[in-house]
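Asks: Here is my input, please return the structure:
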Amino acid sequence: MTRALVVDDTPLNLKLVVALLRANGFAVESAESAEQARDKLAEAPFEVVLLDLRLPGMDGLELTRCLRADPAQRGLVIVAVTANAMKTDEAAALEAGCDAFVTKPIDTRALVPLLRKLTRRS
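Replies: From the prediction side, this is the model:
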């Protein structure tokens, strides 16, 4: 079973993605901040993180760079999730080390196949 961590500071977004992933067989935990996500990632292994880029405090790009610098997180798949749909936002996410870029509102039919593809590849 693929372990996923969903990071978003908007409770409704968090609830939607967690429910979608659980309904599709993922073991899911959630975090409301980058700092909380970092703590959860240090406690237990995850295969994939769905990471809102706009978070209070440390943002998603900064967390991505920290995770990519950590040898213990080498195989972690990071998917940026954001309402910012500009090409420059996507480029910044990929440059920071994200494996994929998903815009809000999330296409619920496309998300699970994307995650399965990315976690098979890693």
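Asks: Tell me where the chain has strands.
Replies: Counting by DSSP state E, the segments of the chain that form strands are 3-7, 27-31, 48-52, 77-82, 100-103.
Asks: Leu63: which of those strands is closest?
Replies: Across these, Leu63 has its closest neighbour in strand 48-52 (6.6 Å, Cβ to Cβ). Heads up, the C-betas are built off the backbone N, CA and C, glycines and all.
Asks: and stretch 7-15, how far out from the chain's middle?
Replies: 12 Å (Cα atoms, centre = their mean, to the nearest Å).
Asks: sorry, that was for stretch 16-32
Replies: Remark: stretch 16-32 is offset 11 Å from the chain centroid, using Cα atoms, centre = their mean.
Asks: now, of the strands of the chain, which is deepest in the fold?
Replies: The highest mean neighbour count among those, using mean count of other Cβ atoms under 10 Å, belongs to strand 48-52: a mean of 26.
Asks: That one pairs with which strands?
Replies: strand 3-7 (parallel), strand 77-82 (parallel) (DSSP bridges).
Asks: That one to strand 27-31, inter-axis angle?
Replies: Angle, strand 48-52 to strand 27-31, by axes from the mean of the first three to the mean of the last three Cα atoms, to 10 degrees: 30 degrees.
Asks: And the contacts of strand 48-52?
Replies: 2-10, 13, 17, 34, 37, 41, 60, 63-64, 67, 76-82, 98, 102, 115, 118-119 (Cβ atoms under 8 Å, 6 or more residues apart in numbering).
Asks: Residues in a beta bridge with the residue sitting nearest the centre point of the chain, which ones?
Replies: By Cα atoms, centre = their mean, the chain has its centre lying nearest to Leu50, at 1.5 Å. Judged by DSSP bridges, the bridge partners of Leu50 are Val6, Val79.
Asks: circling back to that earlier point, just put the strands of the chain in JSON lines and tack on distance to Asp89 and mean pLDDT.
Replies: As requested, the strands of the chain are exported to JSON lines (distance: least, Cβ to Cβ, whole Å; pLDDT from 0 to 100):
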{"stretch": "strand 3-7", "distance to Asp89": "17", "mean pLDDT": "98"}
{"stretch": "strand 27-31", "distance to Asp89": "21", "mean pLDDT": "98"}
{"stretch": "strand 48-52", "distance to Asp89": "12", "mean pLDDT": "97"}
{"stretch": "strand 77-82", "distance to Asp89": "6", "mean pLDDT": "96"}
{"stretch": "strand 100-103", "distance to Asp89": "8", "mean pLDDT": "96"}
